[in-house]
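S.K.: pasting the structure only:
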């Protein structure tokens, strides 16, 4: 997977052998590890399921999975939601870089393996490194 903004990733359909199963509605992040863990997918039956990002093949046209069993049920989604931060909760929050306000978080850039290559801050890509702090509403989601 080449680096991709979450905005584009979230616009792709989730498919099994070309058959649409659902669409991602949020990206779940582990800020301490600086990686995207998985996707909250709204499936055709209107149930939210968790898709571990490592199990999917992301192309320019789709998020392909090899088995429907990779879409974990709502209780597994709740497990991951409790241990991650949804991108939707971080958009619009302040970002601090090396002690100074860098701007407002708009998006993230996801690279191979789910690593967060950059943050999109005020329309520019900024490498996501140890100098970055995101100041979300909840202190439990803060990263240093």
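M.R.: Now that the structure is in, tell me what you want to look at. Here the structure is a predicted model, which is why all the values come from computation and not from measurement. Residues are numbered from 1 along each chain as shown.
S.K.: can you count the residues close to residue 118?
M.R.: 19 (other CB atoms under 10 Å). Quick note: C-beta positions are derived from backbone N, CA and C, even for glycine.
S.K.: that one: what secondary structure?
M.R.: strand (DSSP: H, G, I helix; E, B strand; the rest coil).
S.K.: isn't it right up against residue 107?
M.R.: No. If you go by CB atoms under 8 Å, residue 118 and residue 107 don't touch, sitting 9.2 Å apart.
S.K.: buried set for stretch 45-62?
M.R.: By neighbour count on 16 or more other CB atoms under 10 Å, the buried set for stretch 45-62 is 48, 49, 50, 51, 52, 53, 56, 58, 62.
S.K.: what residues does that stretch touch?
M.R.: 1, 4, 9, 12-15, 22, 24-25, 28, 36-43, 63-66, 70-74, 76-77, 79-80, 110, 113-114 (CB atoms under 8 Å, 6 or more residues apart in numbering).
S.K.: what's the helix ranked longest in the chain packed up against?
M.R.: Using DSSP state H to define each element, the chain has its longest helix at helix 74-83. With contacts defined as 3 or more CB pairs under 8 Å, 6 or more residues apart in numbering; DSSP states H and E, helix 74-83 has these neighbours: strand 19-30, strand 35-43, strand 48-52.
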